[in-house]
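Undergrad: Pasted the sequence and its predicted model underneath.
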Amino acid sequence: IRDRVSIMPRPIILLTNDDGIHAKGLAHLSEMMESIGDVYVFAPDREQSAVGHGVSLRKPLRVTPVKEKWHMVDGTPTDCVMLAVRDLLGVKPSLIIAGINAGANLGDDITYSGTVAGAFEGMLLGVPSFSISIVSHEPENFESAGIFAVKLSRYILKYGLPADTMLNVNVPDLPYTELKGVAITKMGRRNYQDEIIKRYDPRGQIYYWIGGAQPTHIQEAGTDFEAIEQNQISITPLQRDFTNHSALSYFYDPRIEL
């Protein structure tokens, strides 16, 4: 039995992110995941925050080896996962992880997040996937997110995930011993306070910045926001089907003519 166990292949784990291939969170995640599998990295050559599920359809993509098993892509996180799984990796990975993102991906943030999109693409391609973020733009405790990523990965590799489901994980920026457990949560709702800032360049041409104050959120029980406020790790299952099933009957209302 020992001989059989010793020759069992290690799982193939694919990593990506939206902070770019030189991000500290990606390096830390790669180092931690080496304990449980063969890690391959396909990550953007620069920061791709807030690109959502964008795919580069109108430009060629270049892939540059950085070091063994690390590849830099001049595209989006979705591009990275698509290239790796459909062609360059040469084998379907056992698990895809996007992160560790510096900054939260809570509530409505997921609609913009390149990190979440990387994991979502993995799910679309039939690979168990999760995104993981630490709730600080200048994290001091990447190790906490790394430790939990290993634990969650072991669980997924053993038990799998429900069909057409990925996980969005957010970890408070605290030492691991100070975290107050894990909560399975629903998406909360952001209150964005973006402003359109109009300026002029030295040639008198108008340009715009999208900016504004830090977003707030709506207080609601059972959400990812509530878990983070209680110093818990939040795990939100996200599904492939965007359909608002409860709205289907609305359009069959005889009073509505389309």
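TA: Structure received. Numbers count the residues shown, from 1 in each chain.
Undergrad: low-scoring pLDDT stretches of the stretch 1-150 of the chain, where are they?
TA: Residue ranges of the stretch 1-150 of the chain with pLDDT under 70: 1-8.
Undergrad: Now do the helices in it.
TA: For the stretch 1-150 of the chain, the helices defined by DSSP state H, counting those that start in this stretch occupy 2-6, 24-33, 77-83, 114-124, 142-159.
Undergrad: If you count neighbours, what's buried in the last one?
TA: In other words, helix 142-159. Within helix 142-159, the residues that count as buried by 16 or more other Cβ atoms under 10 Å are 142-146, 148-150, 152-153, 156. Backbone N, C-alpha and C define where each C-beta goes, glycine included.
Undergrad: Contact partners for Ala104?
TA: 133, 135, 170, 228 (Cβ atoms under 8 Å, 6 or more residues apart in numbering).
Undergrad: Let me fix that, I meant to ask about Leu106.
TA: So Leu106 contacts 135, 170, 187-188, 190, 217, 224-225, 228, 234 (Cβ under 8 Å, 6+ apart).
Undergrad: run the last query once more with 10 Å
TA: Neighbouring residues of Leu106 by Cβ atoms under 10 Å, 6 or more residues apart in numbering: 113, 133, 135, 168, 170, 185, 187-190, 215, 217, 223-225, 227-228, 234, 236.
Undergrad: What's the separation between the nearest residue to it once chain neighbours are set aside and Gln230?
TA: Distances taken as Cβ to Cβ, 6 or more residues apart in numbering place Asp224 nearest to Leu106, at 4.8 Å, with adjacent residues excluded. Distance, Asp224 to Gln230, using Cβ to Cβ, to the nearest Å: 11 Å.
Undergrad: more crowded one of these two?
TA: Asp224 (29 against 12; other Cβ atoms under 10 Å).
Undergrad: my guess is that one meets Gly188, correct?
TA: Yes: between Asp224 and Gly188 there is a contact at 5.3 Å, judged by Cβ atoms under 10 Å.
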